[in-house]
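Q: Quick one: sequence and predicted model below, then my questions.
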Amino acid sequence: MVFAAVVLLYTDARTCWHLAVLAPEAAAAVVAFERWAANDLARVALPCLHVGQRCGHWGPGDQ
């Protein structure tokens, strides 16, 4: 899963700004997946969704 997050950052980040915005989103996805695998997603779901939503708003998009 961490490898997938690194590949996502490598392929999507066009500048350092994009990397700074996408890194927290990828980290939130890894945390959510790890907690889902441990059957403890309910505790971290809302914070992870919040981080993903905020980072997705400021992400690279389709430029």
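A: Great, that's in hand.

Q: Could you tell me which helix of this protein is the longest one?
A: In terms of residue count, the longest helix belonging to the chain (DSSP state H) is helix 16-37.

Q: what's the average pLDDT for it?
A: Averaging pLDDT along helix 16-37 yields 80.

Q: Repeat that for stretch 46-62.
A: Stretch 46-62 shows a mean pLDDT of 70.

Q: Could you shift the numbering so residue one becomes 37, and keep it that way?
A: All right, first residue 37 from here; so that's stretch 82-98.

Q: follow-up on the earlier one: which strands or helices does the longest helix of the chain pack on?
A: Using 3 or more CB pairs under 8 Å, 6 or more residues apart in numbering; DSSP states H and E, the elements in contact with helix 52-73 are helix 38-48, helix 77-94. Any C-beta I mention is one placed from the backbone N, CA and C, and that applies to glycine too.

Q: okay, the angle between the longest one and helix 52-73?
A: Going back to what we said before, that points to helix 77-94. 160 degrees (axes from the mean of the first three to the mean of the last three CA atoms, to 10 degrees).

Q: Only the buried residues of helix 77-94, if you could.
A: Neighbour-count burial for helix 77-94, with 16 or more other CB atoms under 10 Å as criterion, is recorded at 84, 87-88, 91.

Q: related to what we said a few turns ago, the longest helix of the chain to helix 38-48, inter-axis angle?
A: With the same axes, to 10 degrees as the basis, helix 52-73 and helix 38-48 are set at 150 degrees to each other.

Q: Count the residues that sit near the closest residue to residue 79 other than its chain neighbours.
A: With CB to CB, 6 or more residues apart in numbering as the criterion, residue 79 has its nearest non-adjacent residue at 7.0 Å, and that residue is residue 71. If you count neighbours by other CB atoms under 10 Å, residue 71 ends up with 16.
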